[in-house]
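A.B. asks: Provided below are the primary sequence and the corresponding predicted coordinates.
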Amino acid sequence: MKQFVADVLENSVVAKDYREVFVRWPDEVRVPFPGQFLSLRVNRSTVPFLRRPFAVASFDKPLRVASIIYHVRGPGTEILSRVQPGEKLDLLGPRGFYFRTGVQNRPFLVGGGTGTGPIVYAANSLAERGYKPLLVLGHRNSASFPQLRLNPEVRLQKCTDDGSQGFQGTVVDYLSTLSTEAIRDGFVWACGPQAMLKALHNWAHPRGLPCFVSLEQIIACGVGACMGCTVETVDERKFVRVCTEGPVFDSEAIKWT
């Protein structure tokens, strides 16, 4: 983990209320792994006082350019939305435990809402390593789907609540249509709202599919001191901090309430 300043290259609208900001990644900072996040200071004033956590949405290794996709929905992201190319951002990272592969060969990557960015990065990273991921993304309607840059080996399935694009229904509704043969030797990586992750765990568990989830807790201090981002587990740890023990967890370890 390293604190550094990065030049903003682009900060553009990618969907309704969603933007993507691209920054030049310094040579001395290591490449982020899929699932890791950055803590960002959106300006030099004390408002907002705390850094904001954002997961990495893309990384271009030859150009050393990284991006985050964010939802404009509060004072911090409103300030971030006004940042212009040529300005600088104060970043801390890359941070956190990341997605890891096992012995399974068929990846199912699932995202929704602000979880779209990090799961797209994960899908592209797997494709670069020779996998052929199925990327299943869920949003309320077609207007909410961000513009995406996908590796040709990534297969995309869109799901919308209103059926305005792709499959009508949730991401789990779509996954439930797949045959036993289609998911054989599969594993799941996911990022999105808590309700989606819980439903995904309940789908993957009885089918024997390893499922790893990136949790979207509100992170305050970001260094494990305030205990504000804890989640309950079913093992001897009882509670874990998303900022230090996460954000990626085996879904079997989480107590889904």
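C.D. replies: Sure, I can see it. Residues are numbered from 1 along each chain as shown.
A.B. asks: Roughly how far does residue 109 sit from residue 161?
C.D. replies: 20 Å (C-beta to C-beta, to the nearest Å). The C-beta positions use only the backbone N, C-alpha and C, and glycine is treated the same way.
A.B. asks: Give the residue from these two that has the larger number of neighbours.
C.D. replies: Shown here are residue 109 and residue 161; by other C-beta atoms under 10 Å, residue 109 has more neighbours (28 against 13).
A.B. asks: what's in contact with the helix or strand harbouring the more buried one?
C.D. replies: Taking DSSP states H and E as the criterion, residue 109 maps to strand 106-112. Under the criterion C-beta atoms under 8 Å, 6 or more residues apart in numbering, residues 101, 117-120, 122-123, 126, 131-139, 171, 175, 183-193, 196, 200, 209 lie in contact with strand 106-112.
A.B. asks: what pLDDT, on average, does it get?
C.D. replies: Taken as a whole, strand 106-112 has an average pLDDT of 97.
A.B. asks: by contact count, what packs against the helix or strand following that strand?
C.D. replies: The C-terminal neighbour of strand 106-112 among helices and strands, as given by DSSP H and E, is helix 116-128. Other helices and strands packing on helix 116-128, by 3 or more C-beta pairs under 8 Å, 6 or more residues apart in numbering; DSSP states H and E, are strand 52-55, strand 58-60, strand 65-71, strand 106-112, strand 134-139, strand 186-191.
A.B. asks: partners of the shortest one, with directions?
C.D. replies: Pairing partners of strand 58-60, with direction, according to DSSP bridges: strand 65-71 (antiparallel).
A.B. asks: Any buried residues in the next helix or strand after the strand it pairs with, and which?
C.D. replies: Once the chain leaves strand 65-71, the next helix or strand it forms, by DSSP H and E, is helix 75-81. Judged by neighbour count using 16 or more other C-beta atoms under 10 Å, the buried positions of helix 75-81 are 76-77, 79-81.
A.B. asks: same thing with stretch 34-50?
C.D. replies: In stretch 34-50, counting by 16+ other C-beta under 10 Å, buried: 34-42.
A.B. asks: From the buried residues of helix 75-81, pick the one nearest residue 233.
C.D. replies: Proximity of the buried residues of helix 75-81 to residue 233 (C-beta to C-beta) peaks at residue 76, which lies at 28.9 Å.
A.B. asks: residue contacts, that closest one?
C.D. replies: 42, 48, 52.
A.B. asks: Ok, residue 170 next?
C.D. replies: Contact partners of residue 170, counting by C-beta under 8 Å, 6+ apart, are 138, 159, 161, 196, 199.
A.B. asks: filter the residues you listed to the buried ones?
C.D. replies: Among the contacts of residue 170, those scoring as buried are 138, 159, 196, 199 (criterion: 16+ other C-beta under 10 Å).
A.B. asks: Cool, thanks, talk later.
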